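Asker: sequence and computational prediction follow.
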Amino acid sequence: MIHIMRENETTDDLGEIYGVNKNLITIKNSPHAIFSEGSAVYIPTEGEVFFTERDMTLPEVSLKTGVSEEVLIKHNPHIQNKVIKKNTRISYPLNGSLKDIFSGIYRLSGINSDFTEIDRKNTVASKIFIVCYKKDANGIILPADYPAINACRINGIIPAFYIDSPEEFSDEDTLSQIKQDLVYKDYREVLINVRFRREIPHAKILTEFFRSIDLAVSLKGNEKILTEFEYENYNTLYFAPRRNIFDFNGFAGAIDELIDHIPVRYLGYEFTHHAARVDKTDMKIDYPSAEEIKNIFERNSCRISYDELSKLCFYRYGEDNSKNVIYEDLRGIYSKAKYLHGCGIDRFLLSELSEDVRYAAGKGYTDGKEMPSDLL
C-alpha cells in the first residue's frame, strides 16, 4: 500500500490507520525516505488495503477492488450483507508474487552482514547482481562474497555479479584472474554497466569473454548506448536513463526510441531514485543523491509538492526560495512501471534492494488503466 502523507501526519498515525507497527513502516521504506506532508510512503501490509470513498455495497467494493465477494467477506467479516460505510477499511490478499520479474544490485558491505542483509530481502528479487570485484596495483582483489552467494542459494535467488567499470576489467590479465576465481563460485550471469561511449569496446570484450565461459551476459546503459550492441548476445538490456531525463514524458520518449531498435523481449528497466537541483540565481544544475535530498529537506523548512504531468516531486529552499529540488518518488516509479507493462517490458532491475521501490513498481505493473484511489 502507498499512502500520501497529509498535514501533521506522523508514522504513529499511519500505524493506527493501517494497523501496522510504526517501526516497521520506517524499516520497510528506503533509508532516505521522507516522512512529511506530500510524501509517498510505503505501508507494509500483508495484503492490499482499500478505504471506501462513500457508502458502498459489497458488489460495488468487489468491482472496485477486482476481488470476489467471497474473498472480501473472508478477510472482512464485518462487511457481510450490509451497506459499507464511507471510510471503512477493507483488506484483501495480494494477487500472487512478482518476485520473478525483479533483479537487484547488492554492494558487499561486510562479511558478517552480507548474509543477513540478503536473507532479510529474500522476497524482493529472484536474481541478485553482487558488486564484488575490485582492483588495486597488483590486480584483482578476491572478493569475500561467499556469505552473499550462500544467502542467495538458501533463498532460491539466482546469484550473479556486477561489473561497474568495463574499461578497468577488460585487460587479459584481469580477465584471467576473474576466470580463475569463478571456478570456485556458482555465478550464472554477469551484468555490465556501460556509462560512457568510450566503454563500449571494453564492454564488447567482456561480453565475448564471459560468453566463452558459459555465463549469461546482461548490459545496463542509456538508450543511446544500448543500441550500439547486438542485442542477440545478451540476456537483458537494462535501460538506465541519463541523469537529466527522469520526468515521465522524457522517460516514455526514451522507451519508445529503444523499442524502435530493440525487441521488447530483450529489454528491462532500472528503477532508482533520480533527482536534480536547480539554482535559479545562476541556473546551475546538479544531481544530488537520494540521501542528499533527504538531508537538504531536513535542514530547511520545505513543503513538498507533486506535479501530476511529470510525475515528479519538488520543494524549494534558500534565500527567496532560489533553489529547487526536483525528484522522483514512489508515484513516479509506479507510473513508469505501468507504462512499461503496456509496452510489454517485464524485467525490472532495482539499484538497491528496496522493498518500497519494489512494491511501487510491482503495483504499477499489475494495475489496470485507472490510477488506484490510494495514489490520487
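Answerer: Structure's in. What do you need? Numbering: from 1, shown residues only.
Asker: okay, CA-based contacts and neighbour counts for the rest of this
Answerer: Will do.
Asker: how about the strands in the stretch 251-376 of the chain?
Answerer: For the stretch 251-376 of the chain, the strands defined by DSSP state E, counting those that start in this stretch cover 267-271, 275-279, 284-286, 305-307, 312-317, 323-327, 348-350.
Asker: V41 belongs to a helix?
Answerer: No. Read with DSSP: H, G, I helix; E, B strand; the rest coil, V41 is strand and lies in no helix.
Asker: identify the bridge partners of it.
Answerer: Note on V41: beta-bridge partners by DSSP bridges are H3.
Asker: kindly report the same for F161.
Answerer: Bridge pairing for F161 - DSSP bridges - gives I130, V190.
Asker: isn't it up against D186?
Answerer: No. Between F161 and D186 there is no contact under Cα atoms under 8 Å: 10.3 Å.
Asker: who has more neighbours, those two?
Answerer: Shown here are F161 and D186; by other Cα atoms under 10 Å, F161 has more neighbours (23 against 13).
Asker: the more buried one and S351: what is the separation?
Answerer: 13 Å (Cα to Cα, to the nearest Å).
Asker: where along the stretch 1-150 of the chain do the helices fall?
Answerer: Assigned by DSSP state H, counting those that start in this stretch, the helices in the stretch 1-150 of the chain fall at 11-18, 22-28, 58-65, 69-75, 114-120, 146-154.
Asker: how about low-confidence regions in the protein?
Answerer: 81, 94-97, 368-376 (pLDDT under 70).
Asker: follow-up on the earlier one: can you tell me which of the helices of the stretch 1-150 of the chain is nearest to L182?
Answerer: helix 146-154 (11.7 Å; Cα to Cα).
Asker: from K135, how far out is the closest residue to I205 other than its chain neighbours?
Answerer: The shortest distance from I205 to any non-neighbouring residue, by Cα to Cα, 6 or more residues apart in numbering, is to S170 (6.4 Å). Noted for S170: a distance of 12 Å to K135, by Cα to Cα.
Asker: what's the answer for E319, then?
Answerer: 45 Å.
Asker: the stretch 101-250 of the chain: strands as residue ranges?
Answerer: With DSSP E, counting those that start in this stretch as the criterion, the stretch 101-250 of the chain has strands at 102-107, 127-131, 134-136, 139-141, 158-163, 189-193, 216-221, 237-239.
Asker: remind me what the last one packs against, helices and strands.
Answerer: With contacts defined as 3 or more Cα pairs under 8 Å, 6 or more residues apart in numbering; DSSP states H and E, strand 237-239 has these neighbours: strand 216-221, helix 223-226, strand 267-271.
Asker: please apply the same query to the third one.
Answerer: For strand 134-136, the helices and strands in contact under the criterion 3+ Cα pairs under 8 Å, 6+ apart are strand 139-141.
Asker: can I get stretch 274-293 in PDB, CA atoms only?
Answerer: Extracted C-alpha coordinates of stretch 274-293, given in PDB (Å, rounded to 0.1, in the frame of the first residue of the first chain):
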ATOM      1  CA  HIS A 274      16.500  10.300  -9.700                       C
ATOM      2  CA  ALA A 275      16.800  14.000  -8.700                       C
ATOM      3  CA  ALA A 276      18.100  17.400  -9.900                       C
ATOM      4  CA  ARG A 277      18.700  20.700  -8.000                       C
ATOM      5  CA  VAL A 278      18.400  24.000  -9.900                       C
ATOM      6  CA  ASP A 279      19.800  27.200  -8.500                       C
ATOM      7  CA  LYS A 280      17.700  30.000 -10.000                       C
ATOM      8  CA  THR A 281      20.300  32.700  -9.300                       C
ATOM      9  CA  ASP A 282      22.800  31.300 -11.900                       C
ATOM     10  CA  MET A 283      20.600  28.400 -13.400                       C
ATOM     11  CA  LYS A 284      23.300  25.900 -12.500                       C
ATOM     12  CA  ILE A 285      22.000  22.300 -12.200                       C
ATOM     13  CA  ASP A 286      23.500  19.400 -10.100                       C
ATOM     14  CA  TYR A 287      22.200  16.000  -9.400                       C
ATOM     15  CA  PRO A 288      22.000  15.100  -5.600                       C
ATOM     16  CA  SER A 289      21.700  11.600  -4.300                       C
ATOM     17  CA  ALA A 290      18.600  10.300  -2.600                       C
ATOM     18  CA  GLU A 291      20.400  10.700   0.700                       C
ATOM     19  CA  GLU A 292      21.200  14.400  -0.100                       C
ATOM     20  CA  ILE A 293      17.600  15.100  -1.000                       C
END
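Asker: quick check: buried residues in it?
Answerer: Neighbour-count burial for stretch 274-293, counted by 16 or more other Cα atoms under 10 Å, picks out 274-279, 287-288, 290, 293.
Asker: distance from it to the middle of the chain?
Answerer: Chain-centre distance of stretch 274-293: 21 Å, with Cα atoms, centre = their mean, to the nearest Å.
Asker: which residues touch it?
Answerer: Applying Cα atoms under 8 Å, 6 or more residues apart in numbering, the external contacts of stretch 274-293 come out as 31-32, 243-244, 246, 273, 322-328.
Asker: same check, this time on stretch 338-348
Answerer: 101-103, 236, 238, 252, 264-265, 267-271, 361, 364-367.
Asker: also stretch 98-116?
Answerer: Contacts for stretch 98-116 (Cα under 8 Å, 6+ apart): 123-132, 144-145, 147-151, 162, 346-353, 358, 362.
Asker: next one: stretch 196-204
Answerer: Residues external to stretch 196-204 that are found in contact with it (Cα under 8 Å, 6+ apart): 165-167, 170, 192, 194, 225, 228-229.
Asker: try 10 Å
Answerer: Here stretch 196-204 makes contact (Cα atoms under 10 Å, 6 or more residues apart in numbering) with 163, 165-171, 192-194, 206-207, 209-210, 219, 221-222, 224-226, 228-230, 233.
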